[in-house]
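S.K.: take this sequence and fold it.
(2 chains, ligands or ions: 1)
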Amino acid sequence: MSYDNELYQQVILDHNRNPRNFREIKSATHSCHGVNPLCGDDMTVYLDVDSEKGVIQDISFVGTGCAISKASSSLMTAFLKGKSLEESRVIFNEFHKMVLGEFDPEKQENHLGKLKLFLGIREYPSRTKCASLAWHTMIGALDRKTEGVSTE
Amino acid sequence: MADPNTALADKSSLDVEKIRNEFPILSKKFNGKPLIYLDNGATTHKPKCVIDRVQKFDAEEYGTVRRGSYKLSERATQLYEESRQKVADFFGTPDRKEIVFTSGTTQAINLVAYSYGRKFVKAGDEIIISNIEHHANTVPWQVLCEEKGAKLRVIPVNDDGELVLEEYGKLLNDKTRLVAVNHVSNALGTINPVKEIVKMGHAAGAKVLIDGAQSSPHMQIDVKDLDCDFYTFSGHKMYAPSGIGGLYGKMELWESMIPYVTGGDMILQVTLEKTTYAKPPARFEAGTPPITQVIGLGAAIDFITGIGMDNIFEYEKSLLDYGTRLLQGIEGLKIIGNAKEKASIISFVLDAAHPHDVGTLLDQDGIAVRGGHHCAQPTMIRFGVPATTRASMSFYNKYEELDVLAESIQKVIKMFS
Ligand SMILES: Cc1ncc(COP(=O)(O)O)c(C=O)c1O
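M.R.: Got it, this is the predicted structure:
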């Protein structure tokens, strides 16, 4: 017997087991601390941005949380590496709206690629913040939110 | 191993199937599966007799209390006070005026922090809580201490989740104004030795409040025997509607305390210059109370006392033992809270998966558990975990449901490894 769950797909389980870019960037140009006070997820996102080109050269995270928040962070860092700041903000918006159920990448043109994996989370309102914490923290880093971000 | 169901049938007069039939929601399906409700520590479901009583009251008997001169209001007032009497009987006080209704334990503790604390706690005084309290029995005291310049002190727990009474003894001194601890910890299930805690607190000259939110649904309570000064409860955790609860307090304390919420119904006389306050309990029940909910609470108390608190405790204890044995046998599962005296709560963590993932996946099998910090973050910090999964059982749960729980946990572990 096992679970067949649209949320916990193999890719997500794999990124939970072996998170990519799970490290600190010592020479980070941007970083931010994000928490989800309701469930205790806690992470820091680091970025190394080439300010002249406006490109994310490197991005990473460290922290603790559930499988969804870890996999989301891991997939986010893998996806955004090499992207421009402008693109990254567009992707953030689409992702954020997708998990809230306000944007349907199956019907609307989008830039989400593999991140569409998280579409299923709109069926689990209590878990959407698990998926979006990394993204809010990444935007918090770009916006230089030195006080950190919180999902509440 | 003997079939615990037959063993139980011999021992206890509790007929689980018959009881389950009283709860309409237990025959509903969720995610296509029968509901296995193991979040009774958060809130409990309502038996038909409570649902029906509330419905009948609203349909045929509803009226304002303590005000009208007409039959409907007089009758509603009478029923309202009869419910208070049931609560008084349930907690073991002969004087129903020692029972004050609030919306639940949170408001009950805030009431004491205000009405007792604002009057009697001074700069330099000390208040003692424990390391395994609900935030509802933590934050009001922090706020009071900050406001008054008093000091909050904390009874430590050992690795099994039991309060260390020797350390409590050392914390007590002539500055201790109040001790506030729970009877049963909602995060770990520990049953605290509250009678001893009260005795020690009194010997130091302190008043003692017991947070009874998690104990009142599960065991016989006798506030006079405990000799506590305050004892709180939440109706929604004891099969009554939400929005009603309250607390017992000793009459001499009530009489000395200032009102918390002010307005109508709590006064003796109001002129534009001065107001004199009504006697307890009215002094602490300003405004129109949740009348229907109070009537529902009375029906819920009739229901559980009809089953018998000792029967409930005994049956839930065997559920706890059965569930504990099952879960202990799962590799990669660790139970947090292994006190010798425990109520029917099992909190655990898995090496493989975070409590939130566990909660979402168990839900697929129709199992409702709580994953999180259970409003007890200092407890989580003490045990070095961000959160736990908690299965909290009621007398309407069955051994077979715990079998399903154990199987589902195994599936989660398999999925994540
Ligand atoms: C031990 C304890 N104290 C206080 C509370 C707060 O009760 P309520 O939410 O009913 O006010 C709870 C409920 O979660 C509890 O378990």
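S.K.: what's the offset of stretch B:109-122 from the middle of its chain?
M.R.: In terms of Cα atoms, centre = their mean, to the nearest Å, the centre of stretch B:109-122 is set 21 Å apart from its chain centre.
S.K.: list the buried residues of that stretch.
M.R.: B:109-117, B:120-121 (16 or more other Cβ atoms under 10 Å in any protein chain shown). Using the backbone N, CA and C atoms, a C-beta is placed for each residue, glycine as well.
S.K.: between the two ends of stretch B:376-394, how far is it?
M.R.: Criterion Cα to Cα, to the nearest Å; first-to-last residue distance in stretch B:376-394 is 21 Å.
S.K.: what of stretch B:40-57?
M.R.: 26 Å.
S.K.: can you give me how far it is from the chain middle?
M.R.: 16 Å.
S.K.: show me the contacts for residue B:344.
M.R.: B:40, B:189, B:218, B:316-317, B:319-320, B:323, B:392-394 (Cβ atoms under 8 Å, 6 or more residues apart in numbering or on different chains).
S.K.: distance of it from residue B:198?
M.R.: 24 Å (Cβ to Cβ, to the nearest Å).
S.K.: how about residue B:330?
M.R.: In terms of Cβ to Cβ, residue B:330 sits 38 Å off from residue B:198.
S.K.: neighbour count for those two, which is higher?
M.R.: Legend: neighbour count by other Cβ atoms under 10 Å in any protein chain shown for residue B:330 and residue B:198, higher for residue B:198 (23 against 16).
S.K.: shouldn't the more buried one be in contact with residue B:208?
M.R.: Yes: contact criterion Cβ atoms under 8 Å: residue B:198 and residue B:208 qualify, at 4.6 Å.
S.K.: which neighbours do the two share?
M.R.: Residues touching both residue B:198 and residue B:208 by Cβ under 8 Å, 6+ apart: B:179, B:228-229.
S.K.: CSV for these, including distance to the ligand and pLDDT?
M.R.: Below are those laid out as CSV (distance: Cβ to the nearest ligand atom, whole Å; pLDDT from 0 to 100):
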residue, distance to the ligand, pLDDT
B:179, 15, 98
B:228, 15, 98
B:229, 17, 98
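S.K.: restricted to helices, list the residues you listed.
M.R.: Of these, none are assigned to helices by DSSP state H.
S.K.: neighbour-wise, which one of the residues you listed leads?
M.R.: residue B:179 (29 neighbours).
S.K.: check the gap between it and residue B:171 for me.
M.R.: 9 Å.
S.K.: how about residue B:387?
M.R.: Distance from residue B:387 to residue B:171, by Cβ to Cβ: 28 Å.
S.K.: neighbour count for these two, which is higher?
M.R.: residue B:387 (26 against 16).
S.K.: in chain A, what residue is nearest the ligand?
M.R.: residue A:38 (14.6 Å; Cβ to the nearest ligand atom).
S.K.: secondary structure element holding that residue?
M.R.: Assigned by DSSP states H and E, residue A:38 falls within no helix or strand.
S.K.: so what pLDDT did it get?
M.R.: With respect to pLDDT, residue A:38 scores 76.
S.K.: contacting residues around it?
M.R.: Residue A:38 neighbours (Cβ under 8 Å, 6+ apart): A:129, A:151-152, B:372.
S.K.: rerun that using 7 Å as the cut-off
M.R.: residue A:152 (Cβ atoms under 7 Å, 6 or more residues apart in numbering or on different chains).
S.K.: wait, isn't residue B:303 in contact with residue B:239?
M.R.: Yes: counting by Cβ atoms under 7 Å, residue B:303 sits close enough to residue B:239 to count as a contact (6.1 Å).
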